[in-house]
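[1] Show me how the following folds:
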Amino acid sequence: MRINGEGQWQPETEADIRACIDDADLQESHYLDMKREVGDNPRKRKETAADLASFALDGGALLIGVAENKENRTWELAPQPLNGLAERIEQVAASAVDPALFVATHEIPSAADPTTGYVFVQIPQSPSAPHMVDGVYIGRGDKTKTRLSDAEVTRYHAKREPIEGHLERLLDAERDRDHVPAHTQQTGHLYLVAHPLSARRDVALQLVRDDGSELLQLIVALEGTIPRDVREFAPTPGYATATATRAQGRAWCTQAALGPGRTFESTSAHNDEEDLLDIEFREDGGIRVLMGRMTATWGRYGGDAKTVVADGLAVAYALRVVRWADAIAERTGYHGSWGFGVLATGLRGLSSSAYQERFSSGPTYDADEYREVTTASGMEIHTRPQAVAGRLVGRLVRGLATSVRYDGLLRAD
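    The predicted model follows:
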């Protein structure tokens, strides 16, 4: 029996499944269930949705293509047509479970006929659990799915609210420790936080407190994963050429962020607040980003000056932070969930830079700031970082009417 990095059985071949059956090791449990098929009628789709949702509280797996022999209560191989099967499972998780559930599917072809086989569905512990199917919250007992009582649902929701509140407080703390005092800021600022929700407080100690070369390599290497459409919007991480030791970890920042005690120092005759960039990695695995160009003034050195919202930069840094979190998780062996938050200020009455590029005036934003928090499993940030970033900044680009330009960058393929 092959065990993955999170302590769960993970078959890779039909032989792995057969061996587990022959050894009588394949058993339904709190973390594993088997089904012959998914089915394509509404009743069977609902049953599959409930099976998936039942694992969301603690994580688990569903193996499709194995049938139970009712007479002797053993399992038998029952390979299913693979064409479109994994996609159907993912569609059920996304459309029949509320809120939509992230799952990872792995096809295992049959040796006799590779067009048939099995699908091993991994359901990571969901930060949004419990999930509903057809208006009913689903949980899991020792071996089967269960309907959660109102009291159980209330208890689970009560556990989730402190996480969201904690992320909100982290955003407020970043605004409070901004290099530039709020009353002197001349541009809108962007703050991003990423925080491992169940890691040791020193999970990234060695990574953060060494000479910093591995962290720098991480930043540089992952730039190639950022879509070209937004990757080169300034300031890029390449602008952060200075390093600073911090109370909580290590930072890379622009010269404008190198004032003593994390204060802002203008380094030119012109205000260079738009050059402000500070990327901080912490001993507890957390990431903090401050960027001073959430709004930018175009044409200020000649022509008609106009201040615009740099929403493309928000998209780029949301994608970066999720990618960096995944890399830190991989390097530290942390497999748990993450919390993310974004706060953008100085937005009211401004339109997106995307419209200015076309010499037109787009819709103006009607709020002073934008903020959003979300949570994601380690598996989701590894396999669908765009979707996590989309939950962070999707509402911002919709509010600025630039979804057509950026939505494609914020959706998993």
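
[2] now the end-to-end length of stretch 183-202.
    One end of stretch 183-202 to the other measures 35 Å (C-alpha to C-alpha, to the nearest Å).

[3] any idea how far it is from the chain center?
    15 Å (C-alpha atoms, centre = their mean, to the nearest Å).

[4] quick one: buried residues of it?
    For stretch 183-202, the neighbour count (16 or more other C-beta atoms under 10 Å) marks 185, 187-197, 199 as buried. For the C-beta atoms, the positions are set from N, CA and C on the backbone; glycine is no exception.

[5] Ok, stretch 16-27 next?
    16, 17, 18, 20, 21, 26.

[6] State the helix or strand in which the second one lies.
    This points to residue 17. helix 14-22 (DSSP states H and E).

[7] quick one: the strands in the stretch 251-400 of the chain?
    With DSSP state E, counting those that start in this stretch as the definition, the stretch 251-400 of the chain shows strands at residue ranges 277-282, 287-291, 295-298, 306-309, 338-344, 370-376.

[8] Between these, which one is closest to residue 43.
    strand 370-376 (31.3 Å; C-beta to C-beta).

[9] what lines up beside the closest one in the sheet?
    strand 338-344 (antiparallel) (DSSP bridges).

[10] what helix or strand does the closest residue to residue 65 other than its chain neighbours sit in?
    Once flanking residues are discounted, residue 65 sits nearest to residue 118: 3.4 Å by C-beta to C-beta, 6 or more residues apart in numbering. Per DSSP H and E, residue 118 falls inside strand 116-123.

[11] For that strand, list the C-alpha coordinates in PDB.
    Extracted as PDB, the C-alpha positions of strand 116-123 are listed here (Å, rounded to 0.1, in the frame of the first residue of the first chain):
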ATOM      1  CA  THR A 116     -11.200   2.200 -19.100                       C
ATOM      2  CA  GLY A 117     -10.000   2.400 -15.500                       C
ATOM      3  CA  TYR A 118     -10.300   4.200 -12.200                       C
ATOM      4  CA  VAL A 119     -10.300   7.700 -10.900                       C
ATOM      5  CA  PHE A 120      -8.800   8.400  -7.500                       C
ATOM      6  CA  VAL A 121     -10.300  11.600  -6.200                       C
ATOM      7  CA  GLN A 122      -8.500  13.500  -3.400                       C
ATOM      8  CA  ILE A 123     -10.600  15.900  -1.300                       C
END
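
[12] Residues touching the next helix-or-strand element following that strand, excluding its own?
    Note on strand 116-123: by DSSP H and E, the next helix or strand toward the C-terminus is strand 131-133. The contact list for strand 131-133, computed with C-beta atoms under 8 Å, 6 or more residues apart in numbering, reads 46, 49, 50, 53, 56, 96, 97, 98, 99, 101, 137, 138.
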